[in-house]
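J.: give me a model of this one.
(4 chains)
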There are 2 protein chains.
Amino acid sequence: MHEKHASSFHGNISKIRKLIVQTSLVPGDRLPSERELAETLSISRASVREALRALSFLGIVETRHGGGTFLCEQDRHRYIEILSEFIVTKQTKATDIIEMLRLLERMAFSEIEPTKERLDLLETVIDDDRTFRQQLIFQLKNELFIRIWSEVNRFFEGLDVGDLYTLEERKQFVETWRGMGMPE
Amino acid sequence: MHEKHASSFHGNISKIRKLIVQTSLVPGDRLPSERELAETLSISRASVREALRALSFLGIVETRHGGGTFLCEQDRHRYIEILSEFIVTKQTKATDIIEMLRLLERMAFSEIEPTKERLDLLETVIDDDRTFRQQLIFQLKNELFIRIWSEVNRFFEGLDVGDLYTLEERKQFVETWRGMGMPE
DNA sequence: CGCACTAATTGGTCTGACCACTTAAGTTTG
DNA sequence: CAAACTTAAGTGGTCAGACCAATTAGTGCG
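T.: Predicted coordinates:
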């Protein structure tokens, strides 16, 4: 008998990703068979395949005819996957957007040379999370990067979940950054 | 009656793309219905859907429940919207594109596991900047990332400013990468 | 032990059905 | 006559069950 169609396409992707995490699968592990997944997630095998195809496309899983579906090797930092999914679907979970923002900003930190001026500037705005992060990104002086960041950040602010970092974390950033500075 | 399974997944994508071209569809046009496509291409509707899903991921088509499947306004990924708008509206700074490329390629280096095969492959093409970088990116095995890189790289090549890295830098990359490999 | 063969497992495809949404045609109503 | 409503056809979304194709795990024999 045909049941209700409660779950959407993106929902099924999330279901599988959640299951991967919950069952503590590590790269290289084999996922349950498509038939098992369908049973477990209470969706049809066709829907399972559709979701797996997407995950495969995003480079998260890999399928081998007759062999099974495997979690891709190398536990990538996930930001490529997240960026891809975000850009493609624009329906990423709040946690993914947050993680993406963090990665972008960490990239910025690793790319920008820590000068005294920059450190001073960041310290003057350290009390405001939004301004702090924006100033950091703007230091990159790369409009392309700034635009991508802005796009992701816009979604983040739409979430209305407050600050991305705590004051302590921001202080920690600056401190770590200072340590990266050249001896002069 | 079940027929022969002559066509593969990627083959079906090509079939549909070919059909789009042959029937002179332009952005905004509606594609034939899934049932029609299945009939025309002599494949099952399930396979049509699978191919359409991929095209949708690539931002080539867009499906509307009950409405139909449409050729996207711009034959690019949605993320390209960002890039396109940037390129068109703002003055393209060569330095931004170059920096973006370098960021992407550095990301690739940090994501890919350095195996002997990969190192050998890169060393065989180390003399050609373009091929070297392309081989690197292709190692990621992530179609979306590859497309992002390709798009940015296309702009870069339009700049006609020569190589992105010097031979010494490429050698340095491989050397650094080798150091990241497991001790074995 | 090892090789060949067999059976079970798993992904790949097909078919036909029903559900949910959209669109457009037809009907009613002001 | 035009606007609002109703209805039917069309389309994507999902489901179930079956069979094909490739791989893998056993099994038996030499």
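J.: mind listing the helices for chain A?
T.: Applying DSSP state H to chain A gives helices spanning A:9-22, A:34-41, A:45-57, A:79-89, A:94-111, A:116-124, A:129-138, A:143-159, A:167-180.
J.: quick one, the third one and helix A:34-41 angle?
T.: Angular relation of helix A:45-57 and helix A:34-41 on a 0 to 180 degree scale: 110 degrees, by axes from the mean of the first three to the mean of the last three C-alpha atoms, to 10 degrees.
J.: could you export helix A:45-57 as CSV, CA atoms only?
T.: Extracted C-alpha coordinates of helix A:45-57, given in CSV (Å, rounded to 0.1, in the frame of the first residue of the first chain):
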residue,chain,number,x,y,z
ARG,A,45,14.4,2.3,-2.3
ALA,A,46,14.0,4.8,-5.2
SER,A,47,14.2,7.7,-2.8
VAL,A,48,17.2,6.1,-1.1
ARG,A,49,18.9,5.9,-4.4
GLU,A,50,18.1,9.5,-5.2
ALA,A,51,19.6,10.7,-2.0
LEU,A,52,22.6,8.4,-2.4
ARG,A,53,23.1,9.7,-5.9
ALA,A,54,23.3,13.2,-4.5
LEU,A,55,25.7,12.3,-1.8
SER,A,56,27.8,10.5,-4.4
PHE,A,57,27.7,13.6,-6.5
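J.: distance of A:Gly67 from B:Thr124?
T.: Distance, A:Gly67 to B:Thr124, using C-beta to C-beta, to the nearest Å: 30 Å. In this view, the C-beta of every residue, glycine as well, is placed from N, C-alpha and C.
J.: for A:Val21, same thing?
T.: The gap separating A:Val21 from B:Thr124 is 39 Å, by C-beta to C-beta.
J.: quick one on the thing from earlier: kindly reformat the helices of chain A as JSON lines containing distance to chain B.
T.: Listed next are the helices of chain A as JSON lines, based on distance: least, C-beta to the nearest C-beta, whole Å:
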{"stretch": "helix A:9-22", "distance to chain B": "8"}
{"stretch": "helix A:34-41", "distance to chain B": "13"}
{"stretch": "helix A:45-57", "distance to chain B": "6"}
{"stretch": "helix A:79-89", "distance to chain B": "4"}
{"stretch": "helix A:94-111", "distance to chain B": "7"}
{"stretch": "helix A:116-124", "distance to chain B": "17"}
{"stretch": "helix A:129-138", "distance to chain B": "13"}
{"stretch": "helix A:143-159", "distance to chain B": "5"}
{"stretch": "helix A:167-180", "distance to chain B": "16"}
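J.: sorry, back to before: A:Gly67 and B:Thr124: which has the busier surroundings?
T.: B:Thr124 (12 against 9; other C-beta atoms under 10 Å in any protein chain shown).
J.: so how far is A:Ser44 from the more buried one?
T.: 47 Å.
J.: again, but for A:Gly179
T.: Distance from A:Gly179 to A:Ser44, counting by C-beta to C-beta: 54 Å.
J.: ok, those two, which is more surrounded?
T.: A:Ser44 (14 against 8).
J.: quick check, that one in contact with A:Ala38.
T.: Yes: counting by C-beta atoms under 8 Å, A:Ser44 touches A:Ala38, with 6.0 Å between them.
J.: in chain A, which residue sits closest to DNA strand C?
T.: A:Ser33 (3.3 Å; C-beta to the nearest atom of the strand).
J.: excluding its backbone neighbours, what's nearest that residue?
T.: The shortest distance from A:Ser33 to any non-neighbouring residue, by C-beta to C-beta, 6 or more residues apart in numbering or on different chains, is to A:Gly68 (6.6 Å).
J.: coming back round to it: the residue of chain A closest to DNA strand C: neighbour count?
T.: For A:Ser33, the neighbour count with other C-beta under 10 Å is 13.
J.: any idea how far it is from chain B?
T.: Distance of A:Ser33 to chain B, computed by C-beta to the nearest C-beta, to the nearest Å: 18 Å.
J.: number of nearby residues for A:Ser42?
T.: With other C-beta under 10 Å as criterion, A:Ser42 counts 11.
J.: state the distance from it to A:Gly68.
T.: 21 Å.
J.: for A:Lys18, same thing?
T.: Counting by C-beta to C-beta - A:Lys18 and A:Gly68 are separated by 20 Å.
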